[in-house]
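**Q** Predicted model, plus sequence, below.
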Amino acid sequence: MRNVRFAYAVRWMAIVQAVLVQAALATESAPPIFPGETWTDKTPEAMGLDGAKLASARDYALTGEGSGMIVKSGYAVLRWGDQAKRYDLKSSTKSLGSTLLGVAILDGKIQLDDLAIKHQPSLGIPPEENSRTGWLHKITIRHLATQTAGFQKVGGYTALDFAPGTKWQYSDGGPNWLAECITLAYRKDCQELMFERVCNPLGIKREDFVWRKNAYRPAEIEGIPRREFGSGVSANVNALARIGLMYLRGGVWKGQRILPAEFVKEAGTAAKSLAGLEVMVPDHYGHASSQYGLLWWTNADGTLANVPRDAFWSWGLYDSFIMVIPSLDIVVSRAGQSWKLEPNADHYDVLKPFLGPIAAAASK
């Protein structure tokens, strides 16, 4: 009898194990979730999150008013503010411009280590003094995308301050030259390219996303509208969350490849070429040379101690964000007014009361 009971127990354990294995396989093989015309909402608790901690992050966000959305595994788990309102994203436009660089790499139009002057023969001119530095023919697309080309801050025609790749300097001018490289590579308005290759597949509508006319340079380049990458996009948090989810899924949306997987990985990882570089104006940009990817900010050096190191985000004036945390399967979008940063604080400190509780909510 004892042997019979033992045999039944073994058989029962085998059945239970088989069921668990099948359930695990079913979970692993389940297709990733993407929104349709609208997002599917789930409660934080239904997605294994601590709702109180997410509410804490939202309450901090609302100290700057505005709107936001937190997405877990493709589901909207918390939203606040007007989801349809467009906000001026300022420098979050840089990461959106980087997205078009990824499209150009996918198409074979541009490579990161191409000389930028190959794509824009007038690179850096005006002003004419840039031609006398001997640096223009050394600037690569990678330099423009990692803020190491040497151009000064403003988005117009600015001087070069140093040889490419020798320092890190936050600039609108460098990304704006990158925008011209992509415009000329396609001979197409970047706004139209963005809709054709990114917004339309992701379900982002014209009323969700608008790229203004260039505020610093002539409105056209060779008869094509000239957009900015330094700034210029107004969008709502719905559009930002969709773009973030596409990055979270490695550049794929509903089975369609939008960006190369390797580009997405590199965009959200601190660029190796920046390691140890002097940061110009460190009071404003901290340890950027250990934190910056391809026009995306990252937590690669663990400055945000309670946030996974694989987190990366766009970042604009007034604290507009697309935040992607791959290890937690979380995307956050936020836009509004600036959060209060205490005098002499690290520029990342303003993020801690927001990102910290979100990460903690996934670790309950």
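**A** Received the coordinates, thanks.
**Q** where does residue 304 land in three-state SS?
**A** Assigned with DSSP: H, G, I helix; E, B strand; the rest coil, residue 304 falls in the coil class.
**Q** List the contacts of it.
**A** Counting by CB atoms under 8 Å, 6 or more residues apart in numbering, residue 304 makes contact with 311, 348, 351, 352, 355, 356. (C-beta placed from N, C-alpha, C; glycine too.)
**Q** Residue 195 - how many residues pack around it?
**A** Using other CB atoms under 10 Å, residue 195 has 18 other residues around it.
**Q** now swap in residue 65 and tell me
**A** Residue 65: 12 neighbours (other CB under 10 Å).
**Q** Wait, it touches residue 81, no?
**A** Yes - applying CB atoms under 8 Å, one finds residue 65 in contact with residue 81, separated by 7.4 Å.
**Q** Between those two, which contacts overlap?
**A** residue 336.
**Q** distance of residue 181 from residue 356?
**A** According to CB to CB, to the nearest Å, residue 181 stands 38 Å off from residue 356.
**Q** Looking at these two, which has the bigger crowd around it?
**A** residue 181 (23 against 18).
**Q** Run through the helices of the stretch 1-150 of the chain in chain order.
**A** Applying DSSP state H, counting those that start in this stretch to the stretch 1-150 of the chain gives helices spanning 2-29, 51-61, 92-106, 116-119, 141-145.
**Q** Lowest average pLDDT across those?
**A** Comparing mean pLDDT across the helices of the stretch 1-150 of the chain, the weakest is helix 2-29, with a mean of 48.
**Q** still on that earlier bit, need the contacts of residue 304 in JSON lines (columns: secondary structure).
**A** Formatted as JSON lines, the contacts of residue 304 follow (three-state DSSP):
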{"residue": "311", "secondary structure": "coil"}
{"residue": "348", "secondary structure": "coil"}
{"residue": "351", "secondary structure": "helix"}
{"residue": "352", "secondary structure": "helix"}
{"residue": "355", "secondary structure": "helix"}
{"residue": "356", "secondary structure": "helix"}
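**Q** Which pair of those spans the longest distance?
**A** Distance extremes for these: the farthest pair is 311 and 352 at 12.2 Å, using CB to CB.
**Q** The two: which is more packed in?
**A** Neighbour count, other CB under 10 Å: between residue 311 and residue 352, residue 311 has more, with 24 against 17.
**Q** pretty sure the more buried one is touching residue 299, no?
**A** Yes - Residue 311 sits in contact with residue 299 when judged by CB under 8 Å, with a separation of 4.4 Å.
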